[in-house]
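>>> Could you look at this predicted model? Sequence included:
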Amino acid sequence: MNDRVKLTIKNNIAYAALARPEKLNAIDMAMFIAIDKTIKQLKKNREIRAVILTAEGENFCSGLDVKSVLSSSRYALRLLFKLLPWRANLAQRVSTGWRDIPVPVIAVINGKCWGGGLQIAMGADFVVANTNAEFSIMEGRWGLIPDMGGTLAFREKASLAAIKELAMTAKIVSAQEAQSLGLVSHVNSKPEVVAQSLIASFIHQSPDSVAGCKKLYNKSWWSSPGWALFRESWYQIKVIMGKNSRIKRYNQLNPDKVKAFAKRENW
């Protein structure tokens, strides 16, 4: 995309790496724009089966580059502007956008994952942390509140009291504590290996059933029971009518004659 995000695709797996290691991958305007463009590109790609979100260097992201971003009022306006108040702005899309990519997104975290970095990671479906990783909702140290879209994930992953405490104190917690709170899925000294193991289990499933599950649960976790039941039925019809459902059933019955899946439907 540019020098702020390095995107590579290998064997239908996308690897998106924050690429500002000399600044601990702190988020400046160029990185906001690069992440947003990367997400839009990946959403259109119907051949990828998973995304690994990571970062170059020893730290995932130390948060917002406050000095850089606040150096211009134009930057603040571009980050916060939205035509419709219930839609995500640029600052929020770097977190919420990962939720809209119809494949599993796995964030691999090393070192610091603070402030805006944590907001970005929370957009992933799964967070795999190194034992040396540390996490913080750090906006309070700058007299701010977290406003980069992570609230959607926080309410799904952790208790209200836990998130309030983290946000109000801006304290730093270890990977193990973050896991106990629900913010981290796995903690391992080799997080990349864990991420690849997860991907290996996903790619044996129909890409449409995986996409359908992600959309179903993201949209229904906090919706009314009626809408949740409606989506279950509607998405199931869409999955059953698709070619990949038939391929998966064939593969299940014929393990020695496995067929390759077709391109994912538009989800």
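Looks like it came in fine.
>>> Helices of this structure, residue ranges please.
Using DSSP state H, the helices of the chain run over 29-44, 66-69, 73-80, 90-96, 116-122, 151-157, 160-169, 175-181, 191-202, 207-220, 225-241, 243-253.
>>> where does the chain dip in pLDDT?
Low-confidence segments of the chain (pLDDT under 70): 1-2, 71.
>>> Residue nearest the middle of it, spatially speaking?
Geometric centre of the chain, nearest residue: Ala124, 2.0 Å, by C-alpha atoms, centre = their mean.
>>> Contacts only, for the spatially closest residue to Glu192 that is not a sequence neighbour.
Using C-beta to C-beta, 6 or more residues apart in numbering and skipping residues adjacent in sequence, the residue nearest Glu192 is Val108, 5.8 Å away. C-beta: built from backbone N, CA, C; applies to glycine. By C-beta atoms under 8 Å, 6 or more residues apart in numbering, the contact set of Val108 is 52-54, 60, 128, 191-192, 195.
>>> Quick one: neighbours of the residue nearest to Thr169 when sequence neighbours are not counted, just the number.
Using C-beta to C-beta, 6+ apart and skipping the chain neighbours, the partner closest in space to Thr169 is Gly140 (7.1 Å). As a burial measure, Gly140 scores 17 neighbours (other C-beta atoms under 10 Å).
>>> ok, Gly140 touching Ala170?
Yes - proximity of Gly140 to Ala170 meets the contact threshold set by C-beta atoms under 8 Å, at 3.9 Å.
>>> coming back round to it: neighbour-wise, which of the contacts of Val108 leads?
The residue in those with the most neighbours, by other C-beta under 10 Å, is Phe60 (31 neighbours).
>>> coming back round to it: got the contact list for the residue nearest to Thr169?
167-170.
>>> Next one: it from Arg74, what distance?
Between Gly140 and Arg74 the computed distance is 26 Å (C-beta to C-beta, to the nearest Å).
>>> swap in Thr8?
32 Å.
>>> Please identify the most buried of the helices of the chain.
Scoring the helices of the chain by mean neighbour count under mean count of other C-beta atoms under 10 Å gives helix 116-122 as the most buried, with a mean of 29.
>>> Was I right to think Phe32 contacts Val94?
Yes - between Phe32 and Val94 there is a contact at 6.0 Å, judged by C-beta under 8 Å.
>>> I'd like to know how far the residue nearest to Glu192 sits from Ala129.
Val108 is 8 Å from Ala129, by C-beta to C-beta.
>>> Overlap of the contact sets of the two?
By C-beta under 8 Å, 6+ apart, Val108 and Ala129 have these common neighbours: Pro191.
>>> Let me see the contact set for Ser206.
239, 242, 244-245, 247-248, 261.
>>> Check Leu118 too.
Counting by C-beta under 8 Å, 6+ apart, Leu118 touches 61, 63, 135-138, 150, 183.
>>> and of the residues you listed, the nearest to Ala175?
Within the contacts of Leu118, the smallest distance to Ala175 is 7.3 Å, found for Phe135 (C-beta to C-beta).
>>> beta partners of that closest one?
Note on Phe135: beta-bridge partners by DSSP bridges are Cys113, Val173.
>>> separation between Ile35 and Asn188?
25 Å.
>>> ugh, wrong one, I meant Gly149
Look at Gly149 and Asn188: by C-beta to C-beta, they are 27 Å apart.
>>> same question, Leu70
Remark: distance between Leu70 and Asn188 (C-beta to C-beta) = 37 Å.
>>> so who does the closest residue to Leu24 other than its chain neighbours touch?
Ranked by C-beta to C-beta, 6+ apart and with sequence neighbours excluded, the top spatial neighbour of Leu24 is Ser62, at 3.8 Å. By C-beta under 8 Å, 6+ apart, the residues touching Ser62 are 23-26, 112, 114-115, 117.
>>> cool, Ile109 as well?
By C-beta under 8 Å, 6+ apart, Ile109 lies in contact with 54, 60, 121, 127-130, 133, 135, 175, 184, 191.
>>> how close does it sit to Ile52?
With distances taken as C-beta to C-beta, Ile109 is found 11 Å from Ile52.
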